[in-house]
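**Student:** The following block contains a protein sequence and its predicted model.
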Amino acid sequence: MRITWPVPEPEMPADVHPALAATARAASQAYGEARLAHTRLELREEVADGADGTPTMRVDAIVEGAIADAAMRNGANLLSEEAGFIDNGSAETLVIDPVDGSANAAFGVPLSCFAGVVVRDGVPTEALTVWFDTGRSWWARAGEPTPYRTTGRTTLDGASVCLMRPKRGTEEAWHRIANRADRIRILCTTCLETVLVAEGSVDAFIDPGSDTHRIMDLAAALVTVPAAGGVLLDLRGRPFTFDHDLTKRWSGVAAATPQLAEALIQVALDGG
């Protein structure tokens, strides 16, 4: 069975970086066309191995192909999880997660998104996240005010927390956090969950130690969350780097305040 409802064109501010805007539009169009042309099982099928060492679903391959073409047309380099680094001779590189929440996207669960940043000299300067099924977007430039603000919560007790699904070896940490928080959500799309932290819909997001995240899973949040007054950290204090080694992994923690981030990290690592 195919997914027949349409994917809208992204609603974005006029001054989004042209290459970033073009890749976001290409991603939404390609995803919409892919789910009309393929069944859910076909979209979910693993068709290759990505540059990050993980299997590539058909939906990822289709959307990333459209993004790569758009980046080339707009003269920007591309660093993406499936294709790796594509050098188009630019001083700027787009670090992009073509489809965050791939399994959701393949099966028609309306929780998946495009997320990307513009990186110059290893520094992320601008971020855009687009929620595929609504066309809604979140955009931020580093060092500039945004309309988004975090909740400002400083304590874990009573917090609303998005958690990565429990993975082997993280179950105890996962349950410690869940038992302290007021509400828990598992949306299976880190990029969307971190912008929900930025806009104050939830207090925090955490991977409690599975080291699942690649740089493109967290790249947009590195700009959007701090611009909204929050923080993005690695659970074990590792710095985020924008090199071409896609085997590197992190456990991202996005929180409304530094105090809440530290409380989550303490509970995850040693029980608080």
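**Tutor:** Everything's here; your move.

**Student:** quick one, what contacts S251?
**Tutor:** The contact partners of S251, taken as CB atoms under 8 Å, 6 or more residues apart in numbering, are 206-213, 234-236. For every residue, glycine as well, the C-beta is placed using N, CA and C.

**Student:** For V117, see how far away it is.
**Tutor:** 19 Å (CB to CB, to the nearest Å).

**Student:** My understanding was that G65 contacts Q29; is that so?
**Tutor:** No. Using CB atoms under 8 Å, G65 is not in contact with Q29, being 11.8 Å away.

**Student:** what sits in contact with each of these two?
**Tutor:** By CB under 8 Å, 6+ apart, no residue touches both G65 and Q29.

**Student:** Quick one: neighbours of the closest residue in space to P55 that isn't next to it in sequence, just the number.
**Tutor:** Counting by CB to CB, 6 or more residues apart in numbering, P55 lies nearest to E46, which is 4.0 Å off, once chain neighbours are set aside. Neighbourhood size, E46 [other CB atoms under 10 Å]: 13.

**Student:** E46 and C162: what is the separation?
**Tutor:** On the measure of CB to CB, E46 and C162 end up 26 Å apart.

**Student:** And I206, by the same measure?
**Tutor:** 8 Å.

**Student:** mind listing what W138 touches?
**Tutor:** Counting by CB under 8 Å, 6+ apart, W138 has contacts 127-129, 148, 195, 198-199, 224.

**Student:** make it 10 Å
**Tutor:** 12, 113, 115, 127-131, 146-148, 191-192, 194-196, 198-199, 220-221, 224, 227-228 (CB atoms under 10 Å, 6 or more residues apart in numbering).

**Student:** in which helix or strand would I find it?
**Tutor:** strand 137-141 (DSSP states H and E).

**Student:** Compute the number of surrounding residues for E82.
**Tutor:** 24.
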